[in-house]
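Colleague: sequence isn't available, so here's the structure alone:
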């Protein structure tokens, strides 16, 4: 399989980076091809210029590369922290610029037509608020964003998200257990070809 892995976290050495590195290790060990982008490390520009909105717009070469890789991928792993119930702005800007009409989705007479059917997605997030408090206060806006607003919109209904919390209160042992869970989740979602 050809897998697209994307991280939106500004600090190299973060637990999000450990999650991404673990996922990539599992994918490569299973014989998959991996395309990996670290949006902060690469300095991805999240600002969507008006000229880039039309379906036939000439795209920035970096945006074109990401779009081509997304369309060519069999599956996706997205890693990021929960900031105010949302992905970091750089990742939201990536969605705006890369997941384009005419390539990832289209509008038809019956409504939206997702063009990335048959693929699967895994979103791995981190947060500092304990899960019970977060659900009581806010619900789970990231689940809705990724599952309904992004992936289902693009035709992907084979979706799973796992949030690891509370990062700020976690122990090294707990983080090791979480990375073991990442190995299981990634291996289960994207097994080696038989």
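Modeller: The structure has been received and is ready for your questions. Note that the structure is a prediction, hence the values are computed from the model and not measured.
Colleague: three-state assignment of the nearest residue to residue 48 once chain neighbours are set aside?
Modeller: Excluding the flanking residues, the one nearest residue 48 by C-beta to C-beta, 6 or more residues apart in numbering is residue 96, at 4.5 Å. C-beta here means a position set from N, CA and C on the backbone, and glycine is covered the same way. Three-state call for residue 96 (DSSP: H, G, I helix; E, B strand; the rest coil): helix.
Colleague: my read: residue 96 touches residue 46, true?
Modeller: Yes - look at residue 96 against residue 46 with C-beta atoms under 8 Å: they come within range, at 7.3 Å.
Colleague: give me the number of residues near residue 76?
Modeller: Using other C-beta atoms under 10 Å, the number of residues around residue 76 comes to 23.
Colleague: just the pLDDT for it.
Modeller: pLDDT for residue 76: 98.
Colleague: that one and residue 141: what is the separation?
Modeller: Per C-beta to C-beta, to the nearest Å, residue 76 is found 19 Å from residue 141.
Colleague: kindly report the same for residue 176.
Modeller: With distances taken as C-beta to C-beta, residue 176 is found 29 Å from residue 141.
Colleague: the more surrounded of these two?
Modeller: Taking neighbours as other C-beta under 10 Å, residue 176 and residue 141 compare with residue 141 leading, 14 against 11.
Colleague: quick one: the more buried one and residue 87 touch, right?
Modeller: No - Residue 141 is beyond contact range of residue 87, at 10.3 Å (criterion: C-beta under 8 Å).
Colleague: which other helices and strands does the helix or strand encompassing residue 27 contact?
Modeller: Per DSSP states H and E, residue 27 falls inside helix 15-29. Helix 15-29 sits against strand 2-7, strand 33-38, strand 75-81, strand 120-126, helix 172-189, with contacts defined as 3 or more C-beta pairs under 8 Å, 6 or more residues apart in numbering; DSSP states H and E.
Colleague: neighbouring strands for the first one, and are they parallel or not?
Modeller: In this case it means strand 2-7. Paired strands of strand 2-7, with direction, are strand 33-38 (parallel), strand 75-81 (parallel) (DSSP bridges).
Colleague: which residues touch the lowest-mean-pLDDT helix or strand in the chain?
Modeller: Every helix and strand in the chain was compared by mean pLDDT, DSSP states H and E; the lowest is helix 131-138, with a mean of 73. Residues external to helix 131-138 that are found in contact with it (C-beta atoms under 8 Å, 6 or more residues apart in numbering): 85, 127, 129, 140, 163, 165.
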